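Here is my input; please provide its structure:
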Amino acid sequence: WKAHLQDHFGSAAQAIMPRMPNPQNARYAEWKIYFEKIIPLLNDDLILIGHSLGGIFLAKYLSEERIAKKIKATLFVAAPYNTAEVHPLVDFNLGKDLQRITEQG
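Numbers count the residues shown, from 1 in each chain. Take a look at the predicted model:
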């Protein structure tokens, strides 16, 4: 995927595909710490793409936190949508207010 993204967006773009910690027993708090270490490395006009659990992670993070970068687009690919009442995903459950996602890009 990384090579495909580079081919599509050209040499001016940089694709960063972090391997999130502990994927077999993922915890939101661990992923949040890891993601927040990556944010300072990112430029403005970034495109965030989250696949599967990475998608619900981005949705939860962007609905609860603010990124000090300009987000050009956010894409959720095959991401589950879930609340604690519907189908609990441990601590990746989304809150009811997702407005902050839209506000950030």
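
Only C-alpha atoms from now on, for both contacts and neighbour counts.
Will do.

show me where the chain has strands.
46-51, 71-77 (DSSP state E).

Reformat those as JSON lines; add distance to D7.
JSON lines is the format used below for the strands of the chain (distance: least, C-alpha to C-alpha, whole Å):
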{"stretch": "strand 46-51", "distance to D7": "15"}
{"stretch": "strand 71-77", "distance to D7": "18"}
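
Which of those strands sits closest to Q24?
Closest to Q24 of the strands of the chain, according to C-alpha to C-alpha: strand 46-51, at 15.1 Å.

so can I have CSV of the strands of the chain showing mean neighbour count?
Formatted as CSV, the strands of the chain follow (neighbours: other C-alpha atoms under 10 Å):
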stretch, mean neighbour count
strand 46-51, 16
strand 71-77, 15
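
Mean pLDDT and distance to I101 added to the ones you listed, as TSV?
Below are the strands of the chain laid out as TSV (pLDDT from 0 to 100; distance: least, C-alpha to C-alpha, whole Å):
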stretch	mean pLDDT	distance to I101
strand 46-51	92	12
strand 71-77	93	9
